[in-house]
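Participant: prediction below, plus the sequence it came from.
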Amino acid sequence: MSDKQQHPEQELNQAAEDVVANATEAVEGQVLSEDVSVEELVAGLAAAEAKAEDNWNQLLRVKAEAENIRRRAERDVENAHKYALEKFVNELLPVKDSLELGLAAAGADGADLAKVSEGIELTQRMLASALGKFGVVEVDPTGQRFNPEQHQAMSMQDVPDAEPNTVINVFQKGYTLNERLIRPAMVVVAGAKSGGKPAAGTKIDETA
């Protein structure tokens, strides 16, 4: 930001002072160089005062505009904080509506469990889609190598048909937000003797 933008009041005051100083010097120069009438001196001073007043009015306008900009910025920041989740909430409202319809259908006389189950699956897909629009990604590591940066091992089991140190069961899925882990997946991990072969030196970190 330039000095002009940072100090408009100082600049305008300096400009007003410069105008008065220049006018004074011009008048003094005229007085020293030639005879000048009182009327001409008065006219010169009046012109200098008019210029100073114009600069002062300009300063007031700049200050008023700066105050308006400050107030608009404060209002924008306040609204950003207050309504930051507006789009997210709008995506979740249809999910809530679907859940309410599903509950009503499940509680009705002669409820069709197949249709209720279908409605629940639809609602689940709606929720996953809404979360995905905001960068929330599900972490379901079944069959994958155990990754302590994304998974939390709840227990270990030796399983004949699983590779050691792989996830054989997921108690609770994890989630990332814009590639940042917000909840690790809680998993069961195949032990060192899984797959029918002892895995010497296999070590697992059970903390996420």
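Facilitator: Thanks, I have the structure now. Numbers count the residues shown, from 1 in each chain.
Participant: what mean pLDDT does the longest helix seen in the chain get?
Facilitator: Ranked by residue count under DSSP state H, the longest helix found in the chain is helix 38-82. For helix 38-82, the mean per-residue pLDDT is 86.
Participant: for that helix, packing partners?
Facilitator: Other elements packing on helix 38-82 under the criterion 3 or more CB pairs under 8 Å, 6 or more residues apart in numbering; DSSP states H and E are helix 8-33. Backbone N, C-alpha and C define where each C-beta goes, glycine included.
Participant: for stretch 126-146, buried residues please.
Facilitator: Of all the residues in stretch 126-146, those buried under the rule 16 or more other CB atoms under 10 Å are 126-127, 130-131, 136, 139, 141, 146.
Participant: ok now it, how far from the chain's centre?
Facilitator: For stretch 126-146, the gap between its own C-alpha mean and the chain's C-alpha mean amounts to 22 Å (CA atoms, centre = their mean, to the nearest Å).
Participant: end-to-end on it?
Facilitator: Distance between the boundary residues of stretch 126-146 (CA to CA, to the nearest Å) amounts to 29 Å.
Participant: show me what it is in contact with.
Facilitator: Here stretch 126-146 makes contact (CB atoms under 8 Å, 6 or more residues apart in numbering) with 87-88, 91-92, 94-95, 98, 147, 150-151, 153, 165-170, 173-179, 181-182, 184-185, 187, 189, 204.
Participant: returning to that earlier point: which is the next helix or strand following the longest helix of the chain?
Facilitator: Next helix or strand after helix 38-82 toward the C-terminus (DSSP states H and E): helix 86-107.
Participant: now that following helix: mean pLDDT?
Facilitator: Confidence over helix 86-107 (mean pLDDT, whole number) is 92.
Participant: how about stretch 181-201: buried residues?
Facilitator: For stretch 181-201, the neighbour count (16+ other CB under 10 Å) marks 184-195 as buried.
Participant: possible to save these as CSV with secondary structure and distance to residue 48?
Facilitator: Supplementary listing: the buried residues of stretch 181-201 in CSV, determined by DSSP: H, G, I helix; E, B strand; the rest coil; distance: CB to CB, whole Å:
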residue, secondary structure, distance to residue 48
184, coil, 75
185, strand, 78
186, strand, 81
187, strand, 83
188, strand, 89
189, strand, 87
190, strand, 92
191, coil, 94
192, coil, 94
193, coil, 99
194, helix, 95
195, helix, 97
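Participant: from the residues you listed, which is closest to residue 121?
Facilitator: Taking CB to CB as the measure, residue 185 is the one of those closest to residue 121, at 21.3 Å.
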